[in-house]
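Participant: Any chance you could fold what I've pasted below:
(2 chains)
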Amino acid sequence: MSGAEAGLAASVFLACTVEAVEALTIVLAVGATRSWSSAMSGVGAAALALAAIVAALGPALTSLPIDVLRVLVGGLLMIFGLQWLRKAILRAAGVKAKHDELQIFDEEAKAARAARGRRAGLDGYAFTVAFKGVLLEGLEVAFIVLTFGANQHHVALAAAAAGLAVLLVVAAGAAARAPLARVPENTMKFAVGVMLTSFGTFWGTEGAGAGWPGGDAALLAIIPVVLVAAIAMAWMLGQSMGAEPTEDVALSAAVGSDPGMSG
Amino acid sequence: MMRLAAFCEGVWEFVVGDDWRTAVGVVFALALTALLADAAIAAWWVMPPAVVGLLALSIRRAARDNSRRGASRRNAESAAGRF
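Facilitator: From the prediction side, this is the model:
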(Lines give C-alpha, C1' and ligand atoms only; values in the text may rest on other atoms or scores of the structure.)
Protein backbone atom coordinates (compact mmCIF):
# COMPACT_ATOMS: atom_id res chain seq x y z
CA MET A 1 0.00 0.00 0.00
CA SER A 2 1.44 3.38 -1.04
CA GLY A 3 1.55 6.40 1.27
CA ALA A 4 -1.32 8.07 -0.58
CA GLU A 5 -3.43 4.91 -0.32
CA ALA A 6 -2.67 4.64 3.40
CA GLY A 7 -3.65 8.30 3.81
CA LEU A 8 -6.85 7.65 1.90
CA ALA A 9 -7.78 4.65 4.03
CA ALA A 10 -6.90 6.43 7.31
CA SER A 11 -8.89 9.57 6.40
CA VAL A 12 -11.96 7.62 5.36
CA PHE A 13 -11.72 5.39 8.45
CA LEU A 14 -11.50 8.36 10.83
CA ALA A 15 -14.25 10.33 9.10
CA CYS A 16 -16.53 7.32 9.03
CA THR A 17 -15.88 6.50 12.69
CA VAL A 18 -16.89 10.00 13.76
CA GLU A 19 -20.05 10.02 11.65
CA ALA A 20 -20.95 6.46 12.69
CA VAL A 21 -20.69 7.41 16.37
CA GLU A 22 -23.12 10.30 15.78
CA ALA A 23 -25.54 8.10 13.81
CA LEU A 24 -25.32 5.37 16.47
CA THR A 25 -26.50 7.80 19.15
CA ILE A 26 -29.63 8.62 17.14
CA VAL A 27 -30.40 4.97 16.33
CA LEU A 28 -29.88 3.90 19.95
CA ALA A 29 -32.22 6.63 21.19
CA VAL A 30 -35.13 5.78 18.88
CA GLY A 31 -34.49 2.03 19.08
CA ALA A 32 -34.49 1.95 22.88
CA THR A 33 -37.51 4.21 23.32
CA ARG A 34 -39.68 3.25 20.30
CA SER A 35 -38.95 0.14 18.25
CA TRP A 36 -35.71 -1.66 17.51
CA SER A 37 -37.07 -3.38 14.40
CA SER A 38 -38.31 -0.08 12.90
CA ALA A 39 -35.08 1.72 13.76
CA MET A 40 -33.01 -1.06 12.18
CA SER A 41 -35.24 -0.98 9.08
CA GLY A 42 -34.46 2.73 8.80
CA VAL A 43 -30.74 2.00 9.15
CA GLY A 44 -30.92 -0.65 6.42
CA ALA A 45 -32.82 1.62 4.04
CA ALA A 46 -30.31 4.45 4.58
CA ALA A 47 -27.36 2.09 4.06
CA LEU A 48 -28.88 0.92 0.76
CA ALA A 49 -29.42 4.53 -0.34
CA LEU A 50 -25.80 5.41 0.49
CA ALA A 51 -24.48 2.33 -1.35
CA ALA A 52 -26.57 3.30 -4.38
CA ILE A 53 -25.15 6.86 -4.34
CA VAL A 54 -21.56 5.56 -4.21
CA ALA A 55 -22.23 2.92 -6.88
CA ALA A 56 -23.87 5.45 -9.20
CA LEU A 57 -21.45 8.36 -8.81
CA GLY A 58 -18.20 6.38 -8.45
CA PRO A 59 -17.92 5.25 -12.09
CA ALA A 60 -19.09 8.67 -13.31
CA LEU A 61 -16.28 10.40 -11.40
CA THR A 62 -13.56 7.92 -12.38
CA SER A 63 -14.44 8.38 -16.07
CA LEU A 64 -13.43 12.08 -15.94
CA PRO A 65 -10.01 13.09 -17.39
CA ILE A 66 -7.39 12.94 -14.62
CA ASP A 67 -6.61 16.69 -14.54
CA VAL A 68 -10.30 17.64 -14.46
CA LEU A 69 -10.90 15.05 -11.75
CA ARG A 70 -7.95 16.29 -9.67
CA VAL A 71 -8.85 19.95 -9.79
CA LEU A 72 -12.52 19.15 -9.07
CA VAL A 73 -11.76 16.69 -6.27
CA GLY A 74 -8.94 18.87 -4.91
CA GLY A 75 -11.15 21.94 -4.78
CA LEU A 76 -14.03 20.09 -3.13
CA LEU A 77 -11.75 18.39 -0.61
CA MET A 78 -10.18 21.72 0.33
CA ILE A 79 -13.58 23.37 0.82
CA PHE A 80 -14.87 20.37 2.77
CA GLY A 81 -11.66 19.90 4.77
CA LEU A 82 -11.50 23.58 5.73
CA GLN A 83 -15.09 23.30 7.03
CA TRP A 84 -14.17 20.33 9.23
CA LEU A 85 -10.99 22.01 10.41
CA ARG A 86 -12.72 25.32 11.15
CA LYS A 87 -15.39 23.65 13.30
CA ALA A 88 -12.80 21.50 15.08
CA ILE A 89 -10.64 24.57 15.86
CA LEU A 90 -13.64 26.56 17.12
CA ARG A 91 -14.65 23.65 19.37
CA ALA A 92 -11.10 23.10 20.60
CA ALA A 93 -10.83 26.79 21.48
CA GLY A 94 -14.15 26.76 23.31
CA VAL A 95 -15.91 29.09 20.84
CA LYS A 96 -18.33 26.42 19.62
CA ALA A 97 -20.07 23.90 21.87
CA LYS A 98 -18.65 20.40 21.77
CA HIS A 99 -20.70 17.45 20.61
CA ASP A 100 -22.06 15.71 23.70
CA GLU A 101 -23.33 12.27 22.71
CA LEU A 102 -25.03 11.66 26.08
CA GLN A 103 -26.90 14.94 25.89
CA ILE A 104 -27.92 14.26 22.27
CA PHE A 105 -29.08 10.76 23.29
CA ASP A 106 -31.24 12.21 26.09
CA GLU A 107 -32.76 14.82 23.77
CA GLU A 108 -33.51 12.28 21.02
CA ALA A 109 -34.99 9.82 23.52
CA LYS A 110 -37.17 12.54 25.06
CA ALA A 111 -38.45 13.59 21.62
CA ALA A 112 -39.08 9.94 20.69
CA ARG A 113 -41.12 9.35 23.87
CA ALA A 114 -43.15 12.50 23.25
CA ALA A 115 -43.88 11.70 19.60
CA ARG A 116 -47.24 10.15 18.84
CA GLY A 117 -48.22 7.28 16.57
CA ARG A 118 -46.61 4.32 18.32
CA ARG A 119 -48.38 1.13 17.32
CA ALA A 120 -47.72 -2.47 16.38
CA GLY A 121 -45.86 -3.07 13.11
CA LEU A 122 -43.56 -0.52 11.53
CA ASP A 123 -43.11 2.55 13.72
CA GLY A 124 -42.90 5.43 11.25
CA TYR A 125 -41.22 7.77 13.72
CA ALA A 126 -38.42 5.34 14.61
CA PHE A 127 -37.92 4.39 10.95
CA THR A 128 -37.78 7.99 9.72
CA VAL A 129 -35.50 9.32 12.46
CA ALA A 130 -33.07 6.40 12.08
CA PHE A 131 -33.16 6.69 8.27
CA LYS A 132 -32.51 10.43 8.28
CA GLY A 133 -29.84 10.18 10.94
CA VAL A 134 -27.85 7.51 9.11
CA LEU A 135 -28.37 9.06 5.67
CA LEU A 136 -27.32 12.57 6.70
CA GLU A 137 -24.29 11.42 8.70
CA GLY A 138 -23.42 8.92 5.96
CA LEU A 139 -23.58 11.45 3.13
CA GLU A 140 -20.42 13.16 4.34
CA VAL A 141 -18.64 9.82 4.41
CA ALA A 142 -20.00 8.87 0.96
CA PHE A 143 -18.65 12.18 -0.34
CA ILE A 144 -15.19 11.49 1.11
CA VAL A 145 -15.22 7.88 -0.12
CA LEU A 146 -16.15 9.04 -3.63
CA THR A 147 -13.73 11.94 -3.94
CA PHE A 148 -10.73 10.23 -2.34
CA GLY A 149 -11.48 6.86 -3.91
CA ALA A 150 -12.15 8.18 -7.41
CA ASN A 151 -9.00 10.29 -7.45
CA GLN A 152 -6.83 7.36 -6.39
CA HIS A 153 -8.92 4.91 -8.46
CA HIS A 154 -9.52 3.03 -5.21
CA VAL A 155 -13.21 3.49 -4.44
CA ALA A 156 -13.27 -0.12 -3.20
CA LEU A 157 -10.42 0.56 -0.70
CA ALA A 158 -12.15 3.70 0.56
CA ALA A 159 -15.47 1.83 0.87
CA ALA A 160 -13.72 -1.00 2.75
CA ALA A 161 -12.18 1.48 5.22
CA ALA A 162 -15.61 3.04 5.75
CA GLY A 163 -17.22 -0.39 6.23
CA LEU A 164 -14.58 -1.40 8.79
CA ALA A 165 -15.19 1.80 10.77
CA VAL A 166 -18.95 1.18 10.81
CA LEU A 167 -18.45 -2.42 11.96
CA LEU A 168 -16.16 -1.36 14.81
CA VAL A 169 -18.52 1.40 15.98
CA VAL A 170 -21.57 -0.88 15.82
CA ALA A 171 -19.68 -3.60 17.75
CA ALA A 172 -18.57 -1.09 20.38
CA GLY A 173 -22.09 0.32 20.63
CA ALA A 174 -23.60 -3.16 20.98
CA ALA A 175 -21.08 -4.02 23.69
CA ALA A 176 -21.57 -0.77 25.60
CA ARG A 177 -25.36 -0.56 24.98
CA ALA A 178 -24.92 3.19 25.26
CA PRO A 179 -23.76 6.15 23.17
CA LEU A 180 -20.00 6.16 22.62
CA ALA A 181 -19.41 9.36 24.56
CA ARG A 182 -15.73 8.64 25.18
CA VAL A 183 -14.75 8.56 21.52
CA PRO A 184 -12.51 11.63 20.95
CA GLU A 185 -14.71 13.00 18.17
CA ASN A 186 -13.26 16.51 17.99
CA THR A 187 -9.67 15.30 17.79
CA MET A 188 -10.68 12.87 15.06
CA LYS A 189 -12.51 15.61 13.18
CA PHE A 190 -9.42 17.77 13.50
CA ALA A 191 -7.30 14.98 11.99
CA VAL A 192 -9.78 14.39 9.15
CA GLY A 193 -9.87 18.13 8.42
CA VAL A 194 -6.06 18.22 8.20
CA MET A 195 -5.99 15.20 5.86
CA LEU A 196 -8.77 16.42 3.57
CA THR A 197 -7.26 19.90 3.33
CA SER A 198 -3.75 18.55 2.68
CA PHE A 199 -4.77 16.02 0.02
CA GLY A 200 -7.07 18.62 -1.54
CA THR A 201 -4.19 21.11 -1.72
CA PHE A 202 -1.94 18.50 -3.31
CA TRP A 203 -4.40 17.24 -5.91
CA GLY A 204 -5.93 20.64 -6.66
CA THR A 205 -2.51 22.10 -7.43
CA GLU A 206 -1.60 19.16 -9.68
CA GLY A 207 -4.98 19.34 -11.42
CA ALA A 208 -4.47 23.06 -12.07
CA GLY A 209 -1.31 22.17 -13.98
CA ALA A 210 1.43 22.88 -11.43
CA GLY A 211 3.94 20.23 -10.35
CA TRP A 212 5.10 19.72 -6.77
CA PRO A 213 8.83 19.68 -6.01
CA GLY A 214 9.55 16.09 -5.01
CA GLY A 215 6.29 14.74 -6.46
CA ASP A 216 4.21 12.69 -4.00
CA ALA A 217 6.79 13.34 -1.25
CA ALA A 218 5.49 16.92 -1.09
CA LEU A 219 2.57 15.54 0.92
CA LEU A 220 5.05 14.85 3.74
CA ALA A 221 5.58 18.61 3.94
CA ILE A 222 2.00 19.77 3.24
CA ILE A 223 0.37 17.68 6.02
CA PRO A 224 2.67 18.96 8.82
CA VAL A 225 2.30 22.57 7.58
CA VAL A 226 -1.52 22.36 7.71
CA LEU A 227 -1.42 20.51 11.06
CA VAL A 228 0.94 22.99 12.75
CA ALA A 229 -0.97 25.98 11.36
CA ALA A 230 -4.29 24.56 12.61
CA ILE A 231 -2.91 23.76 16.09
CA ALA A 232 -1.41 27.25 16.29
CA MET A 233 -4.75 28.80 15.34
CA ALA A 234 -6.61 26.73 17.95
CA TRP A 235 -4.07 27.74 20.60
CA MET A 236 -4.13 31.44 19.70
CA LEU A 237 -7.92 31.53 19.52
CA GLY A 238 -8.14 29.73 22.86
CA GLN A 239 -5.77 32.28 24.39
CA SER A 240 -7.79 35.20 23.06
CA MET A 241 -11.04 33.62 24.30
CA GLY A 242 -9.54 32.81 27.70
CA ALA A 243 -10.27 29.10 27.12
CA GLU A 244 -8.02 26.07 27.23
CA PRO A 245 -7.67 24.77 23.68
CA THR A 246 -4.87 22.48 24.69
CA GLU A 247 -7.22 20.07 26.45
CA ASP A 248 -8.54 18.73 23.21
CA VAL A 249 -6.18 19.23 20.35
CA ALA A 250 -2.85 20.80 21.13
CA LEU A 251 -2.13 18.74 24.23
CA SER A 252 -3.15 15.46 22.68
CA ALA A 253 -0.94 16.25 19.70
CA ALA A 254 1.96 17.18 21.95
CA VAL A 255 1.83 14.33 24.46
CA GLY A 256 0.10 11.71 22.37
CA SER A 257 -2.88 11.30 24.67
CA ASP A 258 -6.51 12.18 24.14
CA PRO A 259 -8.77 13.35 26.92
CA GLY A 260 -11.83 12.01 25.13
CA MET A 261 -13.71 15.11 24.15
CA SER A 262 -16.56 14.70 21.75
CA GLY A 263 -16.62 16.62 18.49
CA MET B 1 -39.80 23.69 -8.45
CA MET B 2 -39.86 24.08 -4.69
CA ARG B 3 -38.26 20.66 -4.33
CA LEU B 4 -35.54 21.53 -6.84
CA ALA B 5 -34.81 24.75 -4.95
CA ALA B 6 -34.69 22.84 -1.66
CA PHE B 7 -32.38 20.24 -3.20
CA CYS B 8 -30.02 22.93 -4.57
CA GLU B 9 -30.05 24.66 -1.19
CA GLY B 10 -29.22 21.36 0.49
CA VAL B 11 -26.31 20.69 -1.89
CA TRP B 12 -24.99 24.23 -1.35
CA GLU B 13 -25.25 23.87 2.42
CA PHE B 14 -23.59 20.45 2.29
CA VAL B 15 -20.62 21.40 0.10
CA VAL B 16 -20.03 25.09 0.85
CA GLY B 17 -21.31 25.14 4.44
CA ASP B 18 -21.67 28.31 6.46
CA ASP B 19 -18.69 30.21 5.06
CA TRP B 20 -19.02 30.79 1.32
CA ARG B 21 -16.03 33.15 1.31
CA THR B 22 -13.70 30.22 1.95
CA ALA B 23 -15.13 28.36 -1.06
CA VAL B 24 -14.69 31.45 -3.25
CA GLY B 25 -11.12 31.85 -1.99
CA VAL B 26 -10.28 28.24 -2.87
CA VAL B 27 -11.64 28.72 -6.40
CA PHE B 28 -9.61 31.95 -6.81
CA ALA B 29 -6.42 30.28 -5.58
CA LEU B 30 -6.91 27.34 -7.95
CA ALA B 31 -7.53 29.75 -10.84
CA LEU B 32 -4.35 31.69 -9.99
CA THR B 33 -2.40 28.42 -9.84
CA ALA B 34 -3.74 27.42 -13.27
CA LEU B 35 -2.91 30.85 -14.74
CA LEU B 36 0.67 30.76 -13.46
CA ALA B 37 1.17 27.15 -14.54
CA ASP B 38 -0.21 28.00 -17.97
CA ALA B 39 2.37 30.78 -18.25
CA ALA B 40 5.10 28.23 -17.38
CA ILE B 41 5.73 29.87 -13.98
CA ALA B 42 6.21 27.64 -10.93
CA ALA B 43 2.86 27.74 -9.13
CA TRP B 44 3.01 25.02 -6.45
CA TRP B 45 3.60 27.65 -3.76
CA VAL B 46 0.20 29.34 -4.26
CA MET B 47 -2.11 26.85 -2.54
CA PRO B 48 -0.41 26.17 0.85
CA PRO B 49 -0.38 29.82 2.03
CA ALA B 50 -3.81 30.35 0.44
CA VAL B 51 -5.29 27.46 2.41
CA VAL B 52 -3.71 28.57 5.70
CA GLY B 53 -4.77 32.18 5.09
CA LEU B 54 -8.35 31.22 4.20
CA LEU B 55 -8.61 29.09 7.35
CA ALA B 56 -7.26 31.93 9.53
CA LEU B 57 -9.70 34.44 8.02
CA SER B 58 -12.63 32.05 8.41
CA ILE B 59 -11.81 31.46 12.08
CA ARG B 60 -11.35 35.16 12.68
CA ARG B 61 -14.82 35.85 11.20
CA ALA B 62 -16.38 33.08 13.31
CA ALA B 63 -14.72 34.36 16.50
CA ARG B 64 -15.82 37.92 15.75
CA ASP B 65 -19.42 36.79 15.08
CA ASN B 66 -19.34 34.83 18.32
CA SER B 67 -18.14 37.78 20.39
CA ARG B 68 -20.78 40.02 18.75
CA ARG B 69 -23.50 37.51 19.64
CA GLY B 70 -22.14 37.34 23.19
CA ALA B 71 -22.12 41.13 23.49
CA SER B 72 -25.69 41.49 22.22
CA ARG B 73 -26.83 38.71 24.60
CA ARG B 74 -25.15 40.49 27.51
CA ASN B 75 -26.80 43.77 26.47
CA ALA B 76 -30.21 42.08 26.29
CA GLU B 77 -29.68 40.47 29.70
CA SER B 78 -28.60 43.72 31.33
CA ALA B 79 -31.57 45.54 29.71
CA ALA B 80 -33.93 42.84 31.01
CA GLY B 81 -32.36 43.18 34.47
CA ARG B 82 -32.91 46.92 34.44
CA PHE B 83 -36.65 46.74 33.77
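Participant: so how far is chain A from the residue nearest the centre of chain B?
Facilitator: Chain B has B:D19 as the residue nearest its centroid, 2.9 Å off, counting by CA atoms, centre = their mean. B:D19 sits 7 Å away from chain A when distances are taken as CB to the nearest CB, to the nearest Å. (Each C-beta comes from the backbone N, C-alpha and C, glycine too.)
Participant: Isn't that residue up against B:S58?
Facilitator: Yes: contact between B:D19 and B:S58 holds when scored by CB atoms under 8 Å: they sit 5.0 Å apart.
Participant: Near chain A, which residues of chain B are found?
Facilitator: Residues of chain B found near chain A, taking CB under 8 Å from any CB of the partner chain as the criterion, are B:14-19, B:22-23, B:26-27, B:30-31, B:33-34, B:36-38, B:42-44, B:46-48, B:51-52, B:54-56, B:58-59, B:62-63, B:66.
Participant: Show the low-confidence segments of the stretch 151-263 of chain A, by residue range.
Facilitator: Within the stretch 151-263 of chain A, the stretches with pLDDT under 70 are A:242-263.
Participant: Check the stretch 51-200 of chain A for the residue nearest chain B and tell me.
Facilitator: The minimum distance from the stretch 51-200 of chain A to chain B, using CB to the nearest CB, falls at A:Q83 (4.3 Å).
Participant: so how many other residues sit close to A:L146?
Facilitator: Here the count is done by other CB atoms under 10 Å in any protein chain shown, and A:L146 has 23 residues near it.
Participant: What distance do you get for the closest residue to it other than its chain neighbours to B:N75?
Facilitator: Beyond its immediate neighbours in the sequence, the residue positioned closest to A:L146 (CB to CB, 6 or more residues apart in numbering or on different chains) is A:L57, lying 5.5 Å away. Distance, A:L57 to B:N75, by CB to CB, to the nearest Å: 48 Å.
Participant: just A:F127 next, same as before
Facilitator: A:F127 is 45 Å from B:N75, by CB to CB.
Participant: Mind checking which of those two has more residues around it?
Facilitator: It is A:F127, of A:F127 and B:N75, that has more neighbours when counted by other CB under 10 Å, with 23 against 10.
Participant: helices or strands up against the helix or strand where that one lies?
Facilitator: For A:F127, the host element (DSSP states H and E) is helix A:124-152. Contact partners of helix A:124-152 among helices and strands, from 3 or more CB pairs under 8 Å, 6 or more residues apart in numbering or on different chains; DSSP states H and E: helix A:3-33, helix A:36-62, helix A:66-92, helix A:101-114, helix A:155-176, helix A:185-207, helix B:2-15.
Participant: the inter-axis angle of the fifth one versus helix A:3-33?
Facilitator: Relative orientation of helix A:155-176 with respect to helix A:3-33: 40 degrees, computed using axes from the mean of the first three to the mean of the last three CA atoms, to 10 degrees.
Participant: Outside of helix A:155-176 itself, list whatever touches it.
Facilitator: Residues from elsewhere that reach helix A:155-176 (CB atoms under 8 Å, 6 or more residues apart in numbering or on different chains): A:5, A:8-10, A:12-14, A:16-17, A:20-21, A:24, A:28, A:54, A:58, A:62, A:141, A:144-146, A:148-149, A:152, A:179-180.
Participant: one more time with 7 Å
Facilitator: Contacts with helix A:155-176, where a contact means CB atoms under 7 Å, 6 or more residues apart in numbering or on different chains, come from A:5, A:8-9, A:12-13, A:16-17, A:20-21, A:24, A:28, A:54, A:58, A:141, A:145-146, A:148-149, A:180.
Participant: how deep is residue 4 tucked in, by neighbour count?
Facilitator: You didn't pick a chain, so chain A it is. For A:A4, the number of neighbouring residues by other CB under 10 Å comes to 17.
Participant: My question was about chain B, not that one.
Facilitator: The number of residues packed near B:L4 is 8, by other CB under 10 Å.
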